[in-house]
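[1] Sharing a sequence plus its predicted fold:
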Amino acid sequence: MAEMTGKNTANTVEAALSDDGSGLVLTRELARVLGQPHAGADGRHDDEPSPFHDGDLVGTVSAVCTVRRMRPDAGPAGVSAIHKGAVDGPVEVSRTGIVTDRHGDRAHHGGSDKALYVMSAAEQRHWSEVLGGIEPGRLGENLLIEGDIDDVEIGAILSIGDPSNAGLRVRVTGVRNPCATFARGVGRADWVEVFSARNRVGVYLAVLTEGTVQAGDEVRVVSSPGHRVTCRRWFAHHDPRDAQGLLNSEIFGNCVIADFTKKYVRAAAHEQVG
């Protein structure tokens, strides 16, 4: 596929805010699909370890984003809340996410296990260049982190700010699975594959301790399960050995695996290594 110019991509993204995407012929509707070998990932990790240990600084919050307006969407929900934007000052966060945020497709987005969607700020800047310029929040993210958030382990407990002084304590529950709603939101038929190719799709967080979050808050590892399966590693490979490691870690009480992640883990656990 020929590359689009920055001007053309910027116009495409802007048009997608009011277009429901019904005319977009998607080349793929979901990045990781149950029933496919390794759910569509390559199946073999390279033993990529997490660079983070308990107490380490993952990064700092650079933007907190909440919904600007709902956009029409051709999916079952009829609307999407993917168009978010940065807000200033402390923002209240409950067990289900930023209190001013909304979700269109509640069957697949939001809820306690997907209370916050977090992306690396470096990835947001990369995709802004690809798409011809987009503001923080335009990819649906609630938080942007100046740091490699995709390199934390699934099930890790993090602090955002100081939990003893209105900050948050959160659990890493899994990764984003780029989907048709996301593709329609940026107006690109090939978006699921393009966004997934870097294997840094961002992570979901469950809120364990409610509070507030704001730009400048530090994000630190409180505790890691120690199974070595980072969010990036899991998304890239869905390696059966990692699946077994995740399940064993939960059995021994070292981590909690969210249901939306566990169904993929269980599916991979008994496959042959690719």
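    Done, it's in.
[2] Helix or strand next in line after the helix or strand hosting residue 11, which one?
    Using DSSP states H and E, residue 11 falls within helix 6-16. The helix or strand immediately downstream of helix 6-16 is strand 57-67, counting by DSSP H and E.
[3] And the strands in this structure?
    Assigned by DSSP state E, the strands in the chain fall at 57-67, 71-72, 79-80, 84-87, 91-94, 97-98, 116-120, 143-146, 157-160, 168-175, 203-209, 211-213, 218-223.
[4] Does anything pack onto the first one? Which helices or strands?
    Same thing as strand 57-67. When contacts are defined as 3 or more C-beta pairs under 8 Å, 6 or more residues apart in numbering; DSSP states H and E, strand 57-67 packs onto strand 84-87, helix 121-130, strand 143-146, strand 218-223. For glycine as for every other residue, the C-beta is placed from the backbone atoms N, C-alpha and C.
[5] List the neighbouring strands of the first one plus their orientation.
    Taking DSSP bridges as the criterion, strand 84-87 forms sheet pairs with strand 57-67 (antiparallel).
[6] Report the inter-axis angle for the strand it pairs with versus strand 116-120.
    Counting by axes from the mean of the first three to the mean of the last three C-alpha atoms, to 10 degrees, strand 57-67 lies at 120 degrees to strand 116-120.
[7] Show me what the residue nearest to residue 64 when sequence neighbours are not counted bridges to in the sheet.
    Nearest residue to residue 64, sequence neighbours excluded (C-beta to C-beta, 6 or more residues apart in numbering): residue 91, at 4.9 Å. Taking DSSP bridges as the rule, residue 91 bridges to residue 213.
[8] Tell me how many other residues surround residue 91.
    Using other C-beta atoms under 10 Å, the number of residues around residue 91 comes to 20.
[9] do residue 37 as well
    The burial count for residue 37: 14, using other C-beta under 10 Å.
[10] Please report how far it lies from residue 98.
    Residue 37 is 37 Å from residue 98, where distance means C-beta to C-beta, to the nearest Å.
[11] Helix or strand with the lowest mean pLDDT in the protein?
    Least confident helix or strand of the chain, by mean pLDDT, DSSP states H and E, is helix 6-16 with a mean of 70.
[12] rewinding a little: most tightly surrounded among the helices and strands packed on strand 57-67?
    Stretch with highest mean neighbour count among the helices and strands packed on strand 57-67: strand 143-146 (a mean of 26; mean count of other C-beta atoms under 10 Å).
[13] quick one: average confidence on it?
    Computed over strand 143-146, the mean pLDDT rounds to 98.
[14] Tell me the helices and strands packed up against it.
    strand 57-67, strand 116-120, helix 121-130.
[15] what's the average pLDDT for the longest one?
    It refers to strand 57-67. Per-residue scores along strand 57-67 average to 97.
[16] Return the alpha-carbon coordinates of that strand using CSV.
    Presented in CSV, the C-alpha positions along strand 57-67 are these (Å, rounded to 0.1, in the frame of the first residue of the first chain):
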residue,chain,number,x,y,z
LEU,A,57,10.6,4.3,38.2
VAL,A,58,8.7,3.4,35.0
GLY,A,59,8.2,7.1,34.0
THR,A,60,6.1,10.1,34.6
VAL,A,61,2.6,11.0,33.5
SER,A,62,2.8,13.6,30.6
ALA,A,63,-1.0,13.8,29.8
VAL,A,64,-4.3,12.9,31.4
CYS,A,65,-7.0,12.5,28.8
THR,A,66,-10.8,12.2,28.9
VAL,A,67,-13.5,12.1,26.2
